[in-house]
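# Dropping a prediction and its sequence here:
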Amino acid sequence: MGCVRGSGLFSLVLVLGLVLINWVIFCNGSITSSFVRKLEKTIDMPLESDVFRVPPGYNAPQQVHITQGDVEGKAVIVSWVTPKTPGSNTVLYWEENSSKKLKAQGKSKTYKFYDYTSGYIHHCTIRNLEHDTKYYYVVGVGQTERKFWFFTPPETGPDVPYTFGLIGDLGQSFDSNITLTHYEKSPIKGQAVLFVGDLSYADQYPNHDNNRWDTWGRFVERSTAYQPWIWTAGNHELDFAPELGETRPFKPFMHRYRTPYRASGSPEPFWYSIKRGPAYIIVLASYSAYGKYTPQFKWLEKEFPKVNRTETPWLIVLMHAPWYNSFDYHYMEGETMRVMYEPWFVKNKVDVVFAGHVHAYERSERVSNIAYNIVNGICSPVKDQSAPVYITIGDGGNLEGLATKLTEPQPKYSAFRESSFGHAIFSIKNRTHAHYGWHRNQDGYAVEADTMWFNNRFWHPVDDSPSSDS
Ligand SMILES: [Fe+2]
């Protein structure tokens, strides 16, 4: 009897304990996920890994990647590397079901970084493409030819569905490979990747071993050759190494990865904008000057009035260093940019901001922190239905490992946070709704560990916080 009574008491204490834990976790609607990833060291894949394999054939093009080549989505920049000789700069391309082959001419260049000399890096812009069309393309013309394909986006319009993948801080570890595989195998297919910075992490190797830029290019080719990745520059693209005599920031990144910055009136490749289907995407540079009167500031000031929400209802911003981050790592590193630009984001009703840098996942409430004026003391973020949701998706899986230290208690602005690797999918359905899902690498391909139905801030600006459902 005594034993039974004892176990009843134990059960009561257990239930009360669980209620208390739930209350602690869920008060204010903030969730620190209870999922605990088994912590293992994040290790880069060795050079002989199959994902780094050099394609067969003499001087075969490798590291093939595409990105959008204009503002409207009717141009594509095709890039590739030939290792031994320059080879042809020509891209052959044709519409599916058409026998008429077209040609575009690019250029190639090499660069040196300390004791490393690159292969011949080719960039070729294909223009005047039809919207919503499948194209095949061939590089390596006249030597070892390799054929790929891509789809152009539908014409910009308010109710054109379009699905973006979100990947950040990818690197080239075993975990990076799992992230990319999960993105590829997701039953909801991304049509373009919004990449929020930190690509290869070659700078973590002795002398910034640029061979690791090459391996990264070969690793991601299975996706980047077939769908555009929209690039954001992160701190690991800086490759600023005065100790090696390398004093020109972003040298490897600029040679290897192109952006269509001139088309949107930007003077630098690190900040620019594109339209793609129903979305207007502004890419900002956390590691270029952004203070008042700087080129980036002046460009962004002119950029917001260009956004026509009747044409592109969804206003998305990409940057590397997050403004709202409640992990210990990189805490408040985005603060100075936030102070400069947040009022514009709220005034212009940005729908969502995606950032990387912190190697974990976090989604914010719709909050703003723009009321403070030095003397009034109003310096806490408040719920604001004109403000974006801030999502940190720097959880691609690079060799630096996970950010596991959290600031406590979880700030009210933080809706969901978890130290796991993964990727996300932002699927725009029409002018009012978009479905968002974050996928954790430890789950099955179809599992969404955090979801949210976004209500467009211009067309349907009602509270869409999942925590407001209850
Ligand atoms: Fe970073």
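Looks like it arrived, so ask away. Numbering: from 1, shown residues only.
# For the rest of this, base every contact and every neighbour count on C-alpha atoms.
Will do.
# what residues does the stretch 251-400 of the chain put near the ion?
residue 357 (Cα under 5 Å from the ion).
# Would you map the helices across the stretch 251-400 of the chain?
Using DSSP state H, counting those that start in this stretch, the helices of the stretch 251-400 of the chain run over residues 251-256, 295-303, 335-347.
# Throw the ones you listed into a markdown table and include mean neighbour count and mean pLDDT, thanks.
A markdown table is the format used below for those (neighbours: other Cα atoms under 10 Å; pLDDT from 0 to 100):
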| stretch | mean neighbour count | mean pLDDT |
| --- | --- | --- |
| helix 251-256 | 18 | 98 |
| helix 295-303 | 16 | 98 |
| helix 335-347 | 16 | 98 |
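# Assign a three-state SS to residue 91, would you?
Classification of residue 91 using DSSP: H, G, I helix; E, B strand; the rest coil returns strand.
# Can you give me the neighbour number for it?
Residue 91 has 22 neighbours, counted by other Cα atoms under 10 Å.
# cool, residue 32 as well?
If we define neighbours as other Cα under 10 Å, then residue 32 has 19 of them.
# Roughly how far does the nearest residue to residue 452 once chain neighbours are set aside sit from residue 464?
Among residues not flanking residue 452 along the chain, residue 436 sits closest, at 5.2 Å (Cα to Cα, 6 or more residues apart in numbering). Residue 436 sits 12 Å away from residue 464, taking Cα to Cα, to the nearest Å as the criterion.
# circling back: how about the helices of the stretch 251-400 of the chain in a markdown table, adding distance to residue 454?
As requested, the helices of the stretch 251-400 of the chain are exported to a markdown table (distance: least, Cα to Cα, whole Å):
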| stretch | distance to residue 454 |
| --- | --- |
| helix 251-256 | 33 |
| helix 295-303 | 23 |
| helix 335-347 | 16 |
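# returning to that earlier point: dihedrals phi and psi, the residue nearest to residue 452?
phi -120, psi 140 (degrees, to the nearest 10).
# is it true that it touches residue 454?
Yes. Contact criterion Cα atoms under 8 Å: residue 436 and residue 454 qualify, at 7.1 Å.
# So between the two, which is more surrounded?
The residue with more neighbours, out of residue 436 and residue 454, is residue 454; 24 against 19, by other Cα under 10 Å.
# Who is the more buried one paired with across the strands?
residue 434 (DSSP bridges).
# List the residues that contact it.
Residue 454 makes contact with 432-436, 464, according to Cα atoms under 8 Å, 6 or more residues apart in numbering.
# ok, so of those, who is nearest residue 287?
residue 436 (27.7 Å; Cα to Cα).
# For that closest one, list the residues it contacts.
424-427, 451-454.
# just to revisit the earlier point, spit out the residues that contact residue 436 and residue 464 alike.
Counting by Cα under 8 Å, 6+ apart, the residues touching both residue 436 and residue 464 are 452-454.
# same question for stretch 163-180, mean pLDDT?
Computed over stretch 163-180, the mean pLDDT rounds to 98.
# Oh, that last question was meant for stretch 130-148, not what I typed.
Stretch 130-148 comes out at a mean pLDDT of 98.
# from the protein, which residue is nearest to the ion?
Going by Cα to the ion, the ion is nearest to residue 357 of the chain, at 3.5 Å.
# Look at that residue and say how many residues are nearby.
Residue 357 - counted by other Cα under 10 Å - has 27 other residues nearby.
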